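Q: Sequence and predicted structure, then a few things I'm wondering about:
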Amino acid sequence: MLGEFPHRDLHKLAKQHGPIMHIRLGLVPTIVVSSPQAAELFLKTHDLVFASRPPQEAAKHISYNQAGMAFSEYGSYWRNVRKMCTLELLSNLKVNSFRAMRKEEIGLFIDFIREAARDGVAVDLSAKVSSLNADMTCRMVFGKKFEDSEFDERGFRDVIQEVFKLSSTPNLGNYIPQIAKFDLQGLTKKMKKASKVFDNFFEKIIDAHIQCRDSNNSEGRTKDFVDVMLSFMGSQESEYRIERSNIKAIILDMLSASIDSASTTVDWALAELIKNPNIMEKVQKELETKVGIERMVEESDLESLDYLNMVVKETLRLHPAGPLLIPHASMGDCIINDFHIPKNAHIIINAWAIGRDPHAWTEPEKFIPERFIGSDVDVRGRDFQLLPFGSGRRGCPGIQLGLTVVRLVLAQLVHSFDWELPNGMLPADLDMTEEFGLTVPRAKHLLAIPTYRLVHKW
Ligand code: HEM
């Protein structure tokens, strides 16, 4: 029933069967929610009932038996981890403390593209943006970035991509739990192998941080996420008492939640801008007026870039990085609009379909950032017609960081360069086919030739 693109197949089914749909995936009752009004009932009115996560084979074998935040069941453990992450790792203050690091990494990234511009060669923007985001994430989480060779003979990105792929492959054990132990698809074996690689790596990182802390070598530098979590390890007084395995699970959550989501969003936004040259021109005009072509964009400019922010909202409406959010689970029986939702049902919120609901959006398939002029509809989970970060108790705690990175990288790329497709390809011919996985990026890498446009010495 569900093919290569489950969000599209479920959208089609919802058109026939309505915005609250009951389907059975294996033995598991699954409720699919596909309209803003229905999403509000599940994520606001009855948020507490649906604030848990279903057991998942991938979370069991990769994510330390659901000991992180994203896949953990609702309860006091999840509440404490979420509170610790929100207050100590993802607060505005903490996000801002990494400003200088982001500036440095983006500077290196822009230098690389300037060289490509000088040589007139195409840049693989998808690969470059993804590795920029991986470097920034590693510096924030571990305090340093890694050469692939330091990780495993296959390299950091390869192993992490393999983990993402294994986690997003439909696993029979999730739907017929009784057969999970037979590992009919061979996924458990592969997951255990990949997670061993990560575990060894995380162990070394934690040891190195402990050594550094004990030798007082860490004074004066911004504390990375591992430093912060170590300060709560084993502490009796703190309400966030966590152990080594929890730290490893949370590190993995932060890496997997952050690495692909922001770069996928930047990639879609750039593709839409290249496909719609009149919109690209408007973004560049705004940047010329508000920033000026004598300098690069600074994070402090972002708030004033109204049109760019509309482009980001429109990108997240049409191309939410996680089109089906992360599955929720019901903690008790509940009646919604006369539907009986049983305890332990899986709840899928189709944010991709909701962003295309014709009752909420005019010309929903078209990329029109101007639709947000004079509207206060926002992406932060208050407006149920636009849910790229989910909403309620399980809504994304990394919104501030995610939006900062997306806006900054996008603004920098379109302010510093004009972009042309290679081999005489026309913007209208750009392939927008998706690839379904943990996130949904464009299937083909975006290649484009840059021309430097700032008045800035080389
Ligand atoms: C453009 C960037 C991002 C997008 C589009 C995005 C989207 C999402 C979505 C759709 C969810 C699931 C919400 C639900 O199930 O209701 C989620 C959860 C989550 N996100 Fe993000 N995210 C982004 C960036 C980040 C970043 C940078 C971090 C942290 C470093 C992060 C950490 C998390 C975590 C930990 C959860 C699980 C929360 C829980 O289960 O309690 N996200 N995100």
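A: Looks like it came in fine. Numbering: from 1, shown residues only.
Q: Quick check: which ranges of the stretch 1-150 of the chain have low pLDDT?
A: Filtered on pLDDT under 70, the stretch 1-150 of the chain yields the residue ranges 1, 148-149.
Q: which residue ranges form the strands in it?
A: Along the stretch 1-150 of the chain, counting by DSSP state E, counting those that start in this stretch, strands occupy 20-25, 28-33, 123-124.
Q: which residues sit in contact with the residue of the stretch 1-150 of the chain found nearest the ligand?
A: Using C-beta to the nearest ligand atom, the single residue of the stretch 1-150 of the chain nearest to the ligand is residue 70, 3.6 Å away. In short, each C-beta sits where N, CA and C put it, glycine included. Counting by C-beta atoms under 8 Å, 6 or more residues apart in numbering, residue 70 makes contact with 53, 63, 253, 256-257, 326.
Q: which bits of the stretch 51-200 of the chain sit near the ligand?
A: 69-70, 82, 90 (C-beta under 6 Å from any ligand atom).
Q: switch to 8 Å and redo it
A: The stretch 51-200 of the chain comes close to the ligand at residues 53, 68-72, 78, 82, 85, 89-90, 137, 140-141, as judged by C-beta under 8 Å from any ligand atom.
Q: closest to residue 446 among those residues?
A: The nearest member of these to residue 446, counting by C-beta to C-beta, is residue 137 at 20.3 Å.
Q: contacting residues for the closest residue to the closest one other than its chain neighbours?
A: In space, and not counting its chain neighbours, residue 137 is closest to residue 258: 4.8 Å by C-beta to C-beta, 6 or more residues apart in numbering. Counting by C-beta under 8 Å, 6+ apart, residue 258 touches 133, 137, 398, 401-402.
Q: Now render these as a markdown table, adding neighbour count.
A: Listed next are the contacts of residue 258 as a markdown table, based on neighbours: other C-beta atoms under 10 Å:
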| residue | neighbour count |
| --- | --- |
| 133 | 24 |
| 137 | 23 |
| 398 | 21 |
| 401 | 24 |
| 402 | 23 |
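Q: Out of those residues, name the two that are farthest from one another.
A: Farthest pair in these (C-beta to C-beta) is 133 and 398. Separation: 12.4 Å.
Q: Identify the residue spatially nearest to residue 110, adjacent ones excluded.
A: residue 416 (5.7 Å).
Q: Run a quick neighbour tally on that neighbour.
A: Neighbourhood size, residue 416 [other C-beta atoms under 10 Å]: 23.
Q: Also residue 45?
A: 13.
Q: next one: residue 421
A: The number of residues near residue 421, taken as other C-beta under 10 Å, comes to 17.
Q: Assess the claim that it and residue 277 are in contact.
A: No - the criterion here is C-beta atoms under 8 Å, and residue 421 misses it with residue 277 at 10.8 Å.
Q: Now do the shared contacts for those two.
A: residue 427.
Q: For the most centrally placed residue in the chain, pull up the helix or strand it's in.
A: In the chain, the residue lying closest to the centroid (C-alpha atoms, centre = their mean) is residue 261, at 2.4 Å. When elements are assigned from DSSP states H and E, residue 261 belongs to helix 244-275.
Q: what about that helix, distance to the chain center?
A: How far helix 244-275 lies from its chain's middle: 4 Å, per C-alpha atoms, centre = their mean, to the nearest Å.
Q: What of stretch 203-223?
A: That offset, for stretch 203-223, works out to 28 Å (C-alpha atoms, centre = their mean).
Q: Near the closest residue to residue 61 other than its chain neighbours, how many residues? Count them for me, please.
A: The shortest distance from residue 61 to any non-neighbouring residue, by C-beta to C-beta, 6+ apart, is to residue 191 (4.0 Å). Taking other C-beta under 10 Å as the criterion, the count of residues near residue 191 is 24.
Q: give the contact list for residue 191.
A: Contacts of residue 191 by C-beta under 8 Å, 6+ apart are 57-58, 61-62, 163, 166-167.
Q: Could I get the pLDDT score of it?
A: Residue 191 is assigned 91 on the pLDDT scale.
Q: Strands of the stretch 201-350 of the chain, start to end?
A: Under DSSP E, counting those that start in this stretch, the stretch 201-350 of the chain gives strands at 328-329, 334-336, 339-341, 346-349.
Q: Out of the ones you listed, which gets nearest to residue 113?
A: Set against residue 113 and scored by C-beta to C-beta, the strands of the stretch 201-350 of the chain come closest in strand 346-349, at 36.9 Å.
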